[in-house]
Structure formats: structure tokens, C-alpha cells
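Enquirer: fold the following and give me the result.
(2 chains)
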Amino acid sequence: MTMKTKLYHHLQSTTTKNPQWNTLLREAANKSLFTKALSLYLHMLRSGAFPNAFTFPFAIKSCAALSLPITGKQLHCHVVKSGCLLEPFVQTSLISMYGKCSLIDNARQVFDENPQSRKLTVCYNSLLSGYALKSRVKDVVVLFCEMRGLGVEINGVTMLGLVQPCGIPGNLGLGMCVHGFCVKFGLDMDSSVGNCLLTMYVKSGEIDCGRKLFNEMPRKGLITWNAMINGYAQNGLANNVLELYKEMESKGVCPDPLTLVGVLSSCAHLGALSVGKEVERKMEGCGFSSNPFLNNALINMYARCGNLEKARDIFDGMPVKSVVSWTAIIGGYGMHGQGEVAVQLFDEMIRGGIRPDGTAFVSVLSACSHAGLTNKGVDYFGVMERKYGLRPSAEHYSCMVDLLGRAGRLNEARELIESMQARADGALWGALLGACKIHRNVDLIAGTRQVEVLGIAAKKKSAWPSTDEM
DNA sequence: CTAGGGTTAG
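Expert: Below is the predicted model:
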């Protein structure tokens, strides 16, 4: 008897045990209890039962959800050994898992290994979503064209893969084209396709196009409302957020945490404390009080509305604090001129093993700037790239120019601008100009190399302010 | 195979 047939007989003899395991595993995965699903898988192996084509998809899906590429690879090996690789459900779950774990080349390999893939919509869709996640527009389009060329059926999920990467700048043209395609194919705009297109428009800043599509959708689901509300929120249209939220409530649509996140963030920007408190009560009433996204938004809301103590209470009460939670509270102390506390918190965060990101540095740099902690800010700026490998962006340069400028260290500010790789933006010039104004030194700005660049840019494209406006 | 989220200066 060959190895393969031995294995086959073994599988046959154990399949009677499998249904129970498979049911448990499926239930856990469908309830998003992924850790439980994986431990069930391990128990199953230990008990001597062999996983089969009804086991793997749920175990693999759990790896994808938890982003566990190593476990995923091990499962891939188990799949190969069990001879289930050719099962479409197993194969698609593997492709999807690799895509979600940022191992897109492995996903491609699984796809290519089996000629059957090129006949199945689901296989194409899972690979497409992997490329979409990485915003690999070219690969997405090539794959889509290949599907059409081979006559593989195209469905709504296929279109999701095409629409998703169109939300990033420069891809709106393609997105609109895909929109037309969806209409031509008669795809249901009230479903995920419509929601995805809506998100694409608002992410591209085409908020009016988004609103038009929103209005045209007769059966708006919760996700539709959320996409539009958060679209307004992300584009800084806080008043529209509150208006739409009211409308949503009046229509009897019940909000979920994602809705309230957008509303709270808009309250923060408007300084609308009373609405913010209303949302907080809603949160409690709906049982969302421990949602970390909402608590981060609450910290920000209270801090911006002037109630720093309350912001701090919420922060202290969070059992797990992410870099976003820290950034929110640091920013809160920073904007209230308590730079010392902000700096202490920043250091405490690092001691606690949380790695700061670019945004965290913006908030601590600005805190230093407000509190006059110039040298401390200069230190952080250096540490940022040296220790954390974070390239300073235009925002960081703006903070630094502001920091140095306020301290009257104008020449250092100018030198910094001249040395920078990132493109100067309005905020940066505003910061330098502000500093020059305070210190009555207008000649300095006229002497910088970038002013020439600015002059040329102004002629080419009117995105820059003209010299008259300055 | 599958749509929506929090933090950042001037």
C-alpha cells in the first residue's frame, strides 16, 4: 500500500468522527471566535481525527482573521498532506488567507498551482481581494481582464476587488469606469457593491458624488449610512455628519459602534459637547462602552471640548490602550498647554512597550511646541527616524518649524526646511511665516530656496498660494 | 471570495 492510499484509508476511517469537530469549528469561526476555532483544530488533531475539506476552510479563515501567517503555512502543509488542495473551498480559503497575511505571492502560487482556479469565480475573487488589499491596481485589472477573456462569470464580489483600490488618490477614473460597469451588468447597488462604491467616492474626496450615489440607493442599510456618515467625518464636514445622524435616527435605523465613532469625532471637531454626551449615553445604552475605537474617540472629544479630566478618566479606564489611545490623550494635554504631562505620557507609552507611529510623534511634537519644550522636541524629532525608522513627513516638519520658530530659532527652522526631502505644504509655510511675523524677520523667508520652487509651482499649478495672497 | 471605524499640527 502506498503512503497516499494509507492516508486515504485512515481518512475514511476517521471521517465518522469528523462531523462533530467540523460543526464545532464552523460554529466558532462563524461567530468570529477565531482563537477558539484554532484551538478546536488542535484538539481535533490530538484526538486522532483527521481534518478534511470541511475542516480546513474554517481553520484557515481563522488564521486569516487573526493574521497568523505561520500557522496559515502549517495549515497549508496539512492541506497538501490530506490531499484536499483541489477542493475549491479549501483553495479559496488558502488564497484569501495568504492575501490577508500580506503573502500575496503565496496566494498567487496556490492559484497558479491548480489549473482549475482559472475556471472558478471564487478563486479569482479571493486573489483579487488580496491584490486589492495591497492596492495593486495593475494586477487587479489584469486579473479582471483575464477573467473576462476566459469567460469566467463576474459577480458582485469580483467588482468589490476592483472598486476597493480605487479609493486611493489617482484611481478615481478607474473607479468611475468600474461604477459604469456595475450599472451595465445590472449589479445590485443596494448591496456591498453600492456601499463599496460609496466608500470609494468619499475616500477620494468626491463627497458630492458619494452623496448622489447615497441618495440613489433606495434600501440603505446600516453600512450605507455609516459609509456616508464617516465619509463626511473624514472630509471634515462635521455639520453634515450630525445632520445625517439625526436623519438616520429619525428613520429608525439603529446605530452601531462605527456610526458613533464618526459622530463623536465630528463632535470633537465642532466642540459640540452636548451632542457628544448624548452619544456617550447612547453608547452605554447599547452596550458599546468597552469598544476601544469609541473610547479613543471619546478621549479626543472630551479633550477638545475642554474636559481634560474626563478624557483622562476614560483613558485610565481602558484595559488595553493602543497607540491611538495614547496619541489622543497626549494630544489632549498638548492642546491645553500641559506639555510636561504630554511628554511624560509619551515616555511612559514607550516604556510600556508601545511603538509610537508618525501620528504619535506629531502630537508630542506639537505638545512640545505649545509648552516651549524646544530641546525636548528637537530630541524627539531626531529619535523618530534614528530609533523608529519613521521618515518625517510634511506634518512633522510643520511642527518642527513651529517649535523652532516660536523659540526664535529661525535660522535652524530655515535650515531644516532646506534639508527636507518631503514636499513643503501650506501648513509648513504658515508655520514659518507665523514665526517670522512674531520675530519680525521677513527677509529670512524670501531667502529660502523653496520660495523659488514655490514661485515655479504657482505658475504651473494654482494649488499653491500666489505671491499676492501671501 | 464579500462593503463601513478611532489618534495628528497651522
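Enquirer: use CA for all of it now, contacts and neighbours both
Expert: Will do.
Enquirer: excluding sequence neighbours, find me the nearest residue to A:Gly271.
Expert: A:Cys305 (5.0 Å; CA to CA, 6 or more residues apart in numbering).
Enquirer: find me the pLDDT at A:His396, would you?
Expert: Per-residue pLDDT puts A:His396 at 94.
Enquirer: do you know how far it is from A:Ala342?
Expert: Distance, A:His396 to A:Ala342, using CA to CA, to the nearest Å: 17 Å.
Enquirer: pretty sure the residue nearest to A:Gly271 contacts A:Ser265?
Expert: No: in this structure, A:Cys305 is not within contact of A:Ser265 by CA atoms under 8 Å, at 11.3 Å.
Enquirer: list the contacts of the residue of chain A found nearest DNA strand B.
Expert: Of all residues in chain A, A:Ser192 sits closest to DNA strand B, at 2.8 Å by CA to the nearest atom of the strand. Applying CA atoms under 8 Å, 6 or more residues apart in numbering to A:Ser192 gives the contacts A:156, A:160.
Enquirer: contacts for stretch A:288-299 next, please.
Expert: Identification of contacts with stretch A:288-299 by CA under 8 Å, 6+ apart yields A:257, A:260-261, A:264-265, A:280, A:283, A:310-312, A:314-315, A:318, A:320, A:324-325, A:328-329.
Enquirer: kindly recompute the last result at 6 Å.
Expert: A:261, A:265, A:283, A:311, A:325 (CA atoms under 6 Å, 6 or more residues apart in numbering).
Enquirer: now stretch A:58-72
Expert: Residues outside stretch A:58-72 that contact it (CA under 6 Å, 6+ apart) are A:26, A:29, A:34, A:38, A:97, A:100-101.
Enquirer: kindly export it (C-alpha atoms) in CSV.
Expert: Output in CSV follows, covering the C-alpha atoms of stretch A:58-72 (Å, rounded to 0.1, in the frame of the first residue of the first chain):
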residue,chain,number,x,y,z
PHE,A,58,-12.7,27.4,8.8
ALA,A,59,-9.3,26.8,10.4
ILE,A,60,-7.6,28.7,7.6
LYS,A,61,-10.2,31.5,7.7
SER,A,62,-9.4,31.9,11.4
CYS,A,63,-5.7,32.3,10.6
ALA,A,64,-6.6,34.9,8.1
ALA,A,65,-8.7,36.8,10.6
LEU,A,66,-6.0,36.7,13.3
SER,A,67,-3.3,37.4,10.8
LEU,A,68,-1.2,34.3,11.6
PRO,A,69,0.8,33.6,8.5
ILE,A,70,3.0,31.0,10.2
THR,A,71,0.0,28.9,11.4
GLY,A,72,-1.5,29.5,8.0
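Enquirer: now the closest residue to A:Trp21 other than its chain neighbours: which helix or strand?
Expert: Nearest residue to A:Trp21, sequence neighbours excluded (CA to CA, 6+ apart): A:Met44, at 6.6 Å. Taking DSSP states H and E as the criterion, A:Met44 maps to helix A:34-46.
Enquirer: do the same with A:His396
Expert: Applying DSSP H and E as the criterion places A:His396 in helix A:394-406.
Enquirer: give the buried residues for that helix.
Expert: By 16 or more other CA atoms under 10 Å, the buried positions in helix A:394-406 come out as A:394-406.
Enquirer: ok, and which of those reach DNA strand B?
Expert: Here is what survives when those are matched to DNA strand B using CA under 7 Å from any atom of the strand: A:395, A:398-399, A:402.
Enquirer: pick out the most distant pair among the contacts of stretch A:288-299.
Expert: For the contacts of stretch A:288-299, the farthest-apart pair by CA to CA is A:Met283 and A:Ser325; their separation is 17.7 Å.
Enquirer: which of those two has more neighbours?
Expert: Legend: neighbour count by other CA atoms under 10 Å for A:Met283 and A:Ser325, higher for A:Ser325 (23 against 20).
Enquirer: element containing the spatially closest residue to the more buried one that is not a sequence neighbour?
Expert: Leaving aside its chain neighbours, A:Ser325 sits nearest to A:Asn296 (5.2 Å; criterion: CA to CA, 6+ apart). According to DSSP H and E, A:Asn296 maps onto helix A:292-304.
Enquirer: dump that helix to PDB, restricted to CA.
Expert: C-alpha atoms of helix A:292-304 as PDB (Å, rounded to 0.1, in the frame of the first residue of the first chain):
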ATOM      1  CA  PRO A 292     -11.800  50.700  22.100                       C
ATOM      2  CA  PHE A 293     -12.500  52.700  18.900                       C
ATOM      3  CA  LEU A 294     -15.300  54.500  20.600                       C
ATOM      4  CA  ASN A 295     -13.300  55.200  23.800                       C
ATOM      5  CA  ASN A 296     -10.500  56.700  21.700                       C
ATOM      6  CA  ALA A 297     -13.000  58.900  20.000                       C
ATOM      7  CA  LEU A 298     -14.400  59.800  23.400                       C
ATOM      8  CA  ILE A 299     -11.000  60.800  24.800                       C
ATOM      9  CA  ASN A 300     -10.500  63.100  21.800                       C
ATOM     10  CA  MET A 301     -14.000  64.500  22.100                       C
ATOM     11  CA  TYR A 302     -13.700  65.400  25.800                       C
ATOM     12  CA  ALA A 303     -10.200  66.700  25.400                       C
ATOM     13  CA  ARG A 304     -11.100  69.000  22.500                       C
END
